[in-house]
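Chemist: When you get a sec, could you give me coordinates for this:
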Amino acid sequence: MTDTVLTRTWPEQISGLYDWFKTHRATDRIIPGEMPGLWHVFGYDDIAKIFGDYTKFSSDFSALLPPNPDMDWFATGNFLMMDPPVHRRLRSLVSKAFTPKYVASLEPRIREIAAGLLDKVAGQSRIDAVADLAYPLPVVIIAELIGVPSDDLDLFRGWAEAFVKNNGEEGAMPTPEQIEAFRPTGRAMNAYLLEHVAKCRANPGDDLISGLVVTEDDGRSLSDEEIVSFVALLLMAGHVTTTALLGNTIMCLEENPEAAERLRADRSLIPAAIEEVLRLRPTLVRQMRLTKQEVEVGGKTVPAGQMLCVWAASANRDEQHFAEPDRFDLDRKPNRHLAFGSGIHFCLGAPLARLEGRIALELLLDRYGRMSVATDEPVEFHNPQVVLGAKKLPLDVEPA
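Modeler: This next block holds a predicted model:
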């Protein structure tokens, strides 16, 4: 691995964040944040405990957020921000329609969409892996999943961009300014999706929303508002995760050419490669929890009502759980990373993200005999305290 490669694919801002993680794993595995009532948690064992105990560590921050008529709808079916029993009811209903079998059935269409995107840049010696493939792929798939017209894809892309731009930074909740900036997007999303759900109720098809409309559990079904909120969650989380995952995979292979050659020779290693990328560079570097009572974390007593910024990206490199944690290792077993969380909030879309990542990487390796991050054009990154991934990833490519 050369310094040149590291400069192109691992900028100083991200290195600094990981150095901060490493320092505190070796010293204080939980520290108070600059904002009163905020704590940062770095160790794998502590984070796994927090993810696994919703009775002490809540995902419901509704009491801390001011009322917002334009955005309150987003929380209605967003079970990531709920605790049982409401969480259990909503996730159970959604899971009946969004099953692993249903996700697996999407493989032919995902392959077709990804191939079509690469066809558009066929013959070019330079592509942007994000703009040409990693960004549009999940947006198109999610739009098709919920049955929206292809003419409205640009709307979905704009909504997803606005969500990432106005998310909270540095472990905090979104600022009042960010909430206000997202308000027009929230209104537009809600109106559009409510109208679409109404159409599906009147004339169900074979798309995901139609499946959610008819799903029942003990005679209970999802309301229009709950369906709309879940679809918004799927768009935001599903789009960002897959986009960053594919870009991070390309950069990891750039930094580890021996691993790249092994993948070219043996495509059965691709799932293992994706898991190692998820460990090394998880898209969502942190999650938030709220203490419901006085608890002990990392040897310190944390009062009730405190916000915990839980750094899964740090847990994934915890030396106590992963040998040589900074090394990309195709043969790493076991690889119990926390990129998708764990416990009741384990990411429902994980199978879809893994499937999209595998198919996209297979097609890239099939099409190109060489892929190299450009040296004369910068890679552009998201803020790594929000999303760990590239916004722009120029690649020099040669056909296979």
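Chemist: Show me where the stretch 51-200 of the chain has its strands.
Modeler: 57-58, 126-128 (DSSP state E, counting those that start in this stretch).
Chemist: Just the buried positions in the last one, please.
Modeler: Taking 16 or more other C-beta atoms under 10 Å as the basis for neighbour counts, the residues of strand 126-128 that come out buried are I127, D128. C-beta here means a position set from N, CA and C on the backbone, and glycine is covered the same way.
Chemist: Would you mind pulling the contact partners of that strand?
Modeler: Strand 126-128 has contacts (C-beta atoms under 8 Å, 6 or more residues apart in numbering) with V121, L133, A374, K392, L393, P394, L395, D396, V397.
Chemist: if you set the cut-off to 10 Å instead, what comes out?
Modeler: Residues from elsewhere that reach strand 126-128, judged by C-beta atoms under 10 Å, 6 or more residues apart in numbering: 117-118, 120-121, 132-135, 247, 364, 367-368, 371-372, 374, 376-377, 380, 390-397.
Chemist: in its sheet, what does it sit against?
Modeler: strand 394-399 (antiparallel) (DSSP bridges).
Chemist: The strand it pairs with: how far from the chain's middle?
Modeler: Strand 394-399 sits 26 Å away from the centroid of its parent chain (C-alpha atoms, centre = their mean, to the nearest Å).
Chemist: secondary structure element for the most centrally placed residue in the chain?
Modeler: Nearest to the mean C-alpha position of the chain, by C-alpha atoms, centre = their mean, lies T241 at 3.0 Å. T241 is part of helix 224-255 when elements are defined by DSSP states H and E.
Chemist: following that helix, which helix or strand comes up?
Modeler: helix 257-265.
Chemist: Quick check: mean pLDDT of that next one?
Modeler: Averaging pLDDT along helix 257-265 yields 96.
Chemist: how about that helix: buried residues?
Modeler: A259, A260, R262, L263.
Chemist: Which single one of these is nearest to L64?
Modeler: A259 (43.2 Å; C-beta to C-beta).
Chemist: which stretches of the stretch 1-150 of the chain have low pLDDT?
Modeler: Applying pLDDT under 70 to the stretch 1-150 of the chain flags the ranges 1-9.
Chemist: now the helices for it?
Modeler: 3-9, 12-26, 44-52, 86-97, 100-104, 107-119, 129, 136-146 (DSSP state H, counting those that start in this stretch).
Chemist: is it possible to export the ones you listed to CSV including mean neighbour count?
Modeler: Converted to CSV, the helices of the stretch 1-150 of the chain look like this (neighbours: other C-beta atoms under 10 Å):
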stretch, mean neighbour count
helix 3-9, 15
helix 12-26, 15
helix 44-52, 20
helix 86-97, 17
helix 100-104, 13
helix 107-119, 16
helix 129, 26
helix 136-146, 22
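Chemist: got the ones you listed as TSV, with distance to T185 columns?
Modeler: Listed next are these as TSV, based on distance: least, C-beta to C-beta, whole Å:
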stretch	distance to T185
helix 3-9	31
helix 12-26	27
helix 44-52	29
helix 86-97	23
helix 100-104	27
helix 107-119	25
helix 129	26
helix 136-146	15
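Chemist: show me the contacts for D206.
Modeler: Under the criterion of C-beta under 10 Å, 6+ apart, the neighbours of D206 are G147.
Chemist: Before I go, just wanted to say thanks for your time.
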